[in-house]
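Asks: Sequence below, structure please.
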Amino acid sequence: MFQLLLDDIKDRLKGNTAKANARLGLVNAPQGRGKLIWLLAGASRDSVVMGAALLAAIREKRKDVRLVLTYQVEYPDVLVQHFNGLSKIGFGYGVGNSQFAARQMIKRLSPLAVILVGEQPHKALLKVLLAHDDIHKVAFQFTPDAADKSIVFEACYPNVLDTGSVPKSLASHVSPPFSVLTRLVQSQIDKQLGAMLCGDVFQSLFHVHNLLVGDVDQTLRDWQNSVLSESCLIAFSFEQLDRVNMHVLVNAVEKAGYSPLLLSQWKQQPLLKKQIVIADEAKWYAALCAASVATHLIRYSQENYWQAMSSGAVISMSKQPDTMALNKSDMPTQISTVNAMFRYWLDVRNDPLQQRSISDGIRKMFWRERRRAQAQVDELLQRVYDW
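Replies: Residues are numbered from 1 along each chain as shown. Predicted structure coming up:
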């Protein structure tokens, strides 16, 4: 309780009254008539994307209910994308880790159902929910903690990238694992961006995502020693790149003897020798995955992962997801070092048949998972409709 009050004071001093009130459970339900369904996302972008998309899907299925989405971190672009034009909805920061606050939230919202999205929620909230047999409880796209047997869900829809499985004792219905994000990413296979960047100077484009900024200098030195650098272009994208890291990145590129081209400043001209592409805005990620011969993921969110899988390119990664629900043979090649990555890219470029086989296999896996996700989301929406 002390930590809850301390966080409350900090937020109020910063002028974030709405967040402080929500942490204490002091929220108002959306105006209008109808029962209320409360969706709880967590702090990650993946979780909020899943929650926002699910809310929009429920709204399409049921016009009569009011819908609320809460989260621990706000992503305004996600909310604008999914909530534009929707009525009888509310969204904002979520409740703190306190049974008192959780009881206040439930009292004020009086929900027909609570859908926990993407992340294990606070234990305080779970304990409060345990006392409400009148509330439908669903775990969506995460695996509940098997050690916490205090709450039984009506249904659980585990994520295919999660480790472990859901014990039957925790849920009356457990769906096959899937990823709802396969339904939400762009299925983008247009290679036009690569052709525009390469022009007549380069033969192919290759792409690295979320390289540590401190490793850029050595990576470019290794790139210079690779045969690929003689005829190919390399691009770097980042999930988050603040002003300080951008400065470090540009300095590292220039120190390695290259000139950086920020895509936010690109005038659609072909690049010249000794230039490097930097995707300094997240919107370029999907297009780069699709335009590249190969993409290597150093670190990645689930959304990044499935976007790459849908691209039609050859995909590799520094570490495969630790999941038992996907066959390792269906997953991208794991490559631990930069030099090994460059050698893999060279092999792929020199063998078009192998390149096609690998990319087709990855894309088939993506579409199989998308179909599985569609079937399970349809089941959940029917369950919501029947409440």
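Asks: wait, is residue 218 part of a helix?
Replies: Yes - under DSSP: H, G, I helix; E, B strand; the rest coil, residue 218 falls within a helix.
Asks: ok, the residue nearest to it when sequence neighbours are not counted to residue 133 distance?
Replies: What sits nearest to residue 218 in space, not counting adjacent residues and going by CB to CB, 6 or more residues apart in numbering, is residue 338, at 7.5 Å. Yep, even glycine has a C-beta here, placed from its N, CA and C like the rest. Distance of residue 338 to residue 133, given as CB to CB, to the nearest Å: 55 Å.
Asks: okay, the two: which has more neighbours?
Replies: residue 338 (21 against 8; other CB atoms under 10 Å).
Asks: Contacts only, for that one.
Replies: Residue 338 is in contact with 215, 218-219, 222, counting by CB atoms under 8 Å, 6 or more residues apart in numbering.
Asks: Same question for residue 168.
Replies: residue 174.
Asks: follow-up on the earlier one: got a pLDDT number for the residue nearest to residue 218?
Replies: If you check residue 338, the pLDDT there is 91.
Asks: which stretches of this protein form helices?
Replies: With DSSP state H, the ranges of helices along the chain come out as 2-13, 17-23, 45-61, 76-83, 99-109, 123-130, 192-198, 216-224, 243-255, 285-291, 302-309, 338-350, 352-386.
Asks: now the ones you listed as TSV including distance to residue 329?
Replies: TSV is the format used below for the helices of the chain (distance: least, CB to CB, whole Å):
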stretch	distance to residue 329
helix 2-13	46
helix 17-23	45
helix 45-61	25
helix 76-83	33
helix 99-109	44
helix 123-130	37
helix 192-198	28
helix 216-224	29
helix 243-255	36
helix 285-291	22
helix 302-309	14
helix 338-350	17
helix 352-386	9
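Asks: And those: which comes nearest residue 142?
Replies: Residue 142 sits nearest to helix 45-61 of all these, at 8.3 Å, using CB to CB.
Asks: Would you mark the buried spots in the closest one?
Replies: Applying a neighbour-count criterion of 16 or more other CB atoms under 10 Å, one finds 45-59 buried in helix 45-61.
Asks: and which of those is nearest residue 28?
Replies: Residue 28 lies nearest to residue 55 out of the buried residues of helix 45-61, by CB to CB, at 17.4 Å.
Asks: contacting residues for that closest one?
Replies: By CB under 8 Å, 6+ apart, the contact set of residue 55 is 39, 67, 69, 82-83, 86, 89, 91.
Asks: Which members of these define the maximum pairwise distance?
Replies: 39 and 86 (12.9 Å).
Asks: Now do the shared contacts for those two.
Replies: Listed as contacting both residue 39 and residue 86 by CB under 8 Å, 6+ apart are 55, 67.
Asks: Between those two, point out the one with more neighbours.
Replies: A direct count of neighbours by other CB under 10 Å for residue 39 and residue 86 places residue 39 higher, at 26 against 13.
Asks: isn't the more buried one right up against residue 117?
Replies: Yes - between residue 39 and residue 117 there is a contact under CB atoms under 8 Å: 5.6 Å.
Asks: Show me whatever sits in contact with both of those two.
Replies: Residues within reach of residue 39 and of residue 117 at once, by CB under 8 Å, 6+ apart, are 51, 54.
Asks: Could you give the number of residues near the nearest residue to residue 67 once chain neighbours are set aside?
Replies: Spatial nearest neighbour of residue 67, chain neighbours left out: residue 89 (4.7 Å); criterion: CB to CB, 6+ apart. Residue 89 is flanked by 19 other residues according to other CB under 10 Å.
Asks: Contacts only, for residue 89.
Replies: Counting by CB under 8 Å, 6+ apart, residue 89 touches 30, 55, 59, 66-69, 83.
Asks: Pull the contacting residues for residue 72.
Replies: Contact analysis of residue 72 by CB under 8 Å, 6+ apart lists 41-43, 93-94.
Asks: ok, and the most crowded of those residues?
Replies: Neighbour counts for the contacts of residue 72, by other CB under 10 Å, peak at residue 41, which reaches 32 neighbours.
Asks: For residue 127, see how far away it is.
Replies: Distance of residue 41 to residue 127, given as CB to CB: 20 Å.
Asks: same question, residue 272
Replies: 62 Å.
Asks: When these two are compared, which one has more neighbours?
Replies: Using other CB under 10 Å as the criterion, residue 272 and residue 127 rank with residue 127 on top: 15 against 11.
Asks: and the closest residue to residue 155 other than its chain neighbours, what does it touch?
Replies: The shortest distance from residue 155 to any non-neighbouring residue, by CB to CB, 6+ apart, is to residue 173 (4.2 Å). Neighbouring residues of residue 173 by CB under 8 Å, 6+ apart: 154-156.
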